[in-house]
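# only geometry, no sequence info:
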């Protein structure tokens, strides 16, 4: 990590739900809570708790020097709504096979 830049990952115990347009896209009791310097708290949900059949892979990819290259998925009315790091860097290996949404509801 760069000096002054930290990423911590903890296992959450609260239920997290993602709803878009009245449709539940994901719901999990096992989120990973990622805290990164300068960024909002993000909840990474196990792939098995996400309704992947509703999402379409996007051509978008972004690179984070701390996490690696992200892949994105979209809904017909919401581009790049969710992302994941298929091959995360070793320091954040836990987020492999987890997806993250911009908006989540913590229950």
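Done, it's in. What you are looking at is a predicted structure, and each value in this text was computed from that prediction instead of being measured.
# the strands in the protein, which residues?
Under the criterion DSSP state E, the chain contains strands at 7-11, 16-20, 23-28, 32-36, 42-46, 56-64, 68-75, 78-84, 98-101, 105-106.
# how about those, which one is nearest residue 92?
Of all these, strand 7-11 sits nearest to residue 92, with 5.9 Å by Cβ to Cβ. For glycine as for every other residue, the C-beta is placed from the backbone atoms N, C-alpha and C.
# contact partners of that closest one?
1, 30, 32-37, 44, 66-67, 91-92, 94-95 (Cβ atoms under 8 Å, 6 or more residues apart in numbering).
# residues of it that come out buried?
7, 9 (16 or more other Cβ atoms under 10 Å).
# in its sheet, which strands sit next to that strand, and in what direction?
Strand pairing for strand 7-11, using DSSP bridges, gives strand 32-36 (antiparallel).
# still on that earlier bit, out of the contacts of strand 7-11, the closest to residue 74 would be?
residue 44 (18.2 Å).
# in contact with the closest residue to that closest one other than its chain neighbours: list those residues for me.
Closest residue in space to residue 44, ignoring its immediate chain neighbours: residue 98 at 3.7 Å, by Cβ to Cβ, 6 or more residues apart in numbering. By Cβ under 8 Å, 6+ apart, the contact list for residue 98 reads 32, 44, 45, 46, 47, 84.
# quick revisit: now, of the contacts of strand 7-11, which are buried?
32, 33, 34, 36, 44, 66, 67, 92, 95.
# which of these sit farthest apart?
Farthest pair in the buried ones among the contacts of strand 7-11 (Cβ to Cβ) is 33 and 66. Separation: 16.1 Å.
# low-confidence ranges, the protein, go.
For the chain, applying pLDDT under 70 flags the ranges 1-2.
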